[in-house]
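>>> with the input below, show me the fold.
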Amino acid sequence: MLVPLRVDVWMWRRPIANYVILAVTVAISLVGFANPRFYDKMVGKGDDSISLDADFDYTDFELIRSFTPRLDPDAWRPVAAITSSFLHGGVMHLLGNMWFLWVFGNAVNYKFGHWQYAALYLTCALAGGMSHYLATDNIPVVGASGAIYGVMGAYVVFFPRNDVVMMFWAYIIRRDFSISSWVMITLWVGWDLLQVLNTGTSGPVALAAHLGGFVLGFSVGMLCAATELIKPTEDEQTTLHVFNRRGEV
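Residues are numbered from 1 along each chain as shown. Predicted coordinates:
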């Protein structure tokens, strides 16, 4: 098992927005775990028409429908794409997603600022959820993975050469090592893309949500870097800097 432990990014302000997103996601997920009726509505247990979610569980749109009874499915599906990102199918699902969000989200929050980061996160959640619905004929989904992949996409734009400390763990064997961000994230996203090419998007993990969120996050990051809406500090290099230097060689 490979797990990112931390990133080598010096931050001069606290990532408050990411703390809030983490807390809200954990709170909503725990409510679902503790309240069987609420959880069953959100997760859709016992309904054979519901398929697997973004990371190993089930959900449906019953609760969203109860909030928006006058809207047709096409109208409330984007709402579900965002709200479902705050639910998780189990404790390990929640912990895994929140750990990745902690590792990469803090740095992106520092770089983007609080309100901009919150907007990026929610937009990537929307993009990830809608990508999944479009790719799988509207099969319901749950989990924050699409939004988190979007955060990783923005991260690799602004910190491509910063190291990520990884942990390799297999039974009693543990090894920690460092790898550049662009290598780690490229391999991670490339693995999802390879699975899509081999098995399509109908498997137990919502790969389309991962890729959709990543594409949007990376695109927003590149746009912000290219227009200098978000500027690197003197000791930071964006992906644009890396490409420009290679072009000059």
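>>> how close does the residue nearest to the spatial centre of the chain get to L223?
Nearest to the geometric centre of the chain sits I148, at 1.6 Å (C-alpha atoms, centre = their mean). Distance, I148 to L223, by C-beta to C-beta, to the nearest Å: 20 Å. Backbone N, C-alpha and C define where each C-beta goes, glycine included.
>>> that's a strand at R6, yeah?
Yes. Counting by DSSP: H, G, I helix; E, B strand; the rest coil, R6 is found in a strand.
>>> show me the contacts for it.
Going by C-beta atoms under 8 Å, 6 or more residues apart in numbering, R6 touches 103, 164-165.
>>> so which of these comes closest to M152?
V103 (9.3 Å; C-beta to C-beta).
>>> packing partners of the helix or strand where the closest one lies?
Per DSSP states H and E: V103 is located in helix 91-112. Other elements packing on helix 91-112 under the criterion 3 or more C-beta pairs under 8 Å, 6 or more residues apart in numbering; DSSP states H and E are strand 2-7, helix 16-34, helix 114-135, helix 145-158.
>>> mind checking how far the third one is from the chain centre?
By that I understand helix 114-135. 8 Å (C-alpha atoms, centre = their mean, to the nearest Å).
>>> what angle do helix 145-158 and it make with each other?
Relative orientation of helix 114-135 and helix 145-158, computed by axes from the mean of the first three to the mean of the last three C-alpha atoms, to 10 degrees: 120 degrees.
>>> what does the second one give?
Helix 16-34 and helix 145-158 are oriented at 160 degrees to each other (the same axes, to 10 degrees).
>>> what comes up buried for helix 16-34?
17-18, 21-22, 25, 28-29, 32-33 (16 or more other C-beta atoms under 10 Å).
>>> which two among these are spaced furthest apart?
A17 and F33 (24.6 Å).
>>> related to what we said a few turns ago, neighbour count added to the contacts of R6, as a markdown table?
Converted to a markdown table, these look like this (neighbours: other C-beta atoms under 10 Å):
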| residue | neighbour count |
| --- | --- |
| V103 | 20 |
| V164 | 23 |
| V165 | 16 |
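>>> for the closest residue to V157 other than its chain neighbours, grab phi and psi.
Using C-beta to C-beta, 6 or more residues apart in numbering and skipping the chain neighbours, the partner closest in space to V157 is G221 (3.2 Å). The phi and psi values for G221, taken as degrees, to the nearest 10, are phi -60, psi -40.
>>> next one: Y171
Per degrees, to the nearest 10, the backbone of Y171 is at phi 60, psi -110.
>>> in the chain, which helix or strand is least confident?
helix 62-67 (a mean of 47; mean pLDDT, DSSP states H and E).
>>> could you list the low-pLDDT ranges of this structure?
36-76, 138, 201-204, 245-249 (pLDDT under 70).
>>> if you set the cut-off to 80 instead, what comes out?
For the chain, residues meeting the criterion pLDDT under 80 lie at 1, 32-77, 79-80, 89, 137-141, 199-205, 241-249.
>>> how near is Y171 to M1?
With C-beta to C-beta as the criterion, Y171 and M1 are 10 Å apart.
>>> er, F243 actually
33 Å.
>>> so for these two, which residue has more residues nearby?
F243 (11 against 8; other C-beta atoms under 10 Å).
>>> please identify which helix or strand holds that one.
Judged by DSSP H and E, F243 forms part of helix 239-248.
>>> and if you look at G89?
Counting by DSSP H and E, G89 is part of no helix or strand.
>>> how many residues are close by it?
For G89, the tally of surrounding residues (other C-beta under 10 Å) stands at 23.
>>> that one contacts V141, doesn't it?
No. The pair G89 / V141 is not scored as a contact, 10.4 Å apart, by C-beta atoms under 8 Å.
>>> bridged to P4, which residues?
Beta-bridge partners recorded for P4 (DSSP bridges): M166.
>>> make 16 the starting number, not 1.
Taking 16 as the first residue, the last one we looked at is P19.
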